[in-house]
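Undergrad: What follows is a predicted protein model with its sequence.
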Amino acid sequence: MILAVVLVACSKQQGEDKATSADRYETLRRDLAAMLGENLDSAFIMLDSLEATDQYPDCVINLLRGNMYGQQMSLRFAEYYLRKAICQELHDEWPKGYYMGQYNLGLSLQLKSNLEEART
């Protein structure tokens with residue numbers, strides 16, 4: 001009986017940690033998006049600083065960087081970082097971010113293709 005209570009408590013704790021991490025990532029994404037509209041350099045500097053402190057997994061940092069480059073229409077950089085971000089670790093850490101990354105990668109590739117067709 002005691003073992004069952006401990007297992008239930010531990011599984012609930014892990015689920016809460018995942019939700020907390022996903023909430024942190026979402027808050028960071030929103031903050032960066034707001035900064036991007038005001039000051040592009042500050043947003044990239046903030047992201048570089050967070051990467052240096054290892055507060056966030058590399059996959060999350062790469063996703064956010066890829067999204068920022070995509071918003072700036074730097075499609076080659078967006079594709080590079082989004083491809084680095086989309087992995088099992090991102091899916092496990094932040095499922096919404098994983099699917100957002102896949103969507104944004106597809107959008108970047110489509111835009112890149114359309115621009116190349118327009119040039120020819």
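TA: Right, received. Where do you want to start? Numbering: from 1, shown residues only.

Undergrad: Which parts of this protein are helices?
TA: Assigned by DSSP state H, the helices in the chain fall at 2-38, 40-53, 58-71, 75-85, 88-93, 95-119.

Undergrad: Residues contacting the second one, please?
TA: So the one you mean is helix 40-53. Applying Cβ atoms under 8 Å, 6 or more residues apart in numbering, the contact partners of helix 40-53 are L28, D31, L32, M35, L36, Y56, D58, I61, L64, R65, M68, Q72. For every residue, glycine as well, the C-beta is placed using N, CA and C.

Undergrad: which intervals of the chain have sub-threshold pLDDT?
TA: Applying pLDDT under 70 to the chain picks out residues 1-19.

Undergrad: if we can go back for a sec, so which of the helices of the chain is the most packed in?
TA: Comparing the helices of the chain by mean neighbour count (mean count of other Cβ atoms under 10 Å), helix 58-71 ranks first with a mean of 22.

Undergrad: Show me what that one is packed up against.
TA: If you count contacts as 3 or more Cβ pairs under 8 Å, 6 or more residues apart in numbering; DSSP states H and E, helix 58-71 packs onto helix 2-38, helix 40-53, helix 75-85, helix 88-93, helix 95-119.

Undergrad: redo that, cut-off 6 Å
TA: helix 2-38, helix 75-85, helix 95-119 (3 or more Cβ pairs under 6 Å, 6 or more residues apart in numbering; DSSP states H and E).

Undergrad: which other helices and strands contact the last one?
TA: The reference is to helix 95-119. Using 3+ Cβ pairs under 6 Å, 6+ apart: helix 95-119 touches helix 58-71, helix 75-85, helix 88-93.

Undergrad: how about the ones you listed, which one is nearest K112?
TA: The minimum distance between K112 and the helices and strands packed on helix 95-119 falls on helix 75-85, with 4.5 Å, by Cβ to Cβ.

Undergrad: Tell me which residues touch the residue nearest in space to the middle of the chain, please.
TA: The residue lying closest to the centre of the chain (Cα atoms, centre = their mean) is L63, at 3.3 Å. By Cβ atoms under 6 Å, 6 or more residues apart in numbering, the contact list for L63 reads A85, G97, G101.

Undergrad: switch the cut-off to 10 Å
TA: By Cβ atoms under 10 Å, 6 or more residues apart in numbering, L63 lies in contact with 25, 29, 56-57, 81-82, 84-87, 90, 93-94, 97-98, 100-101, 104-105.
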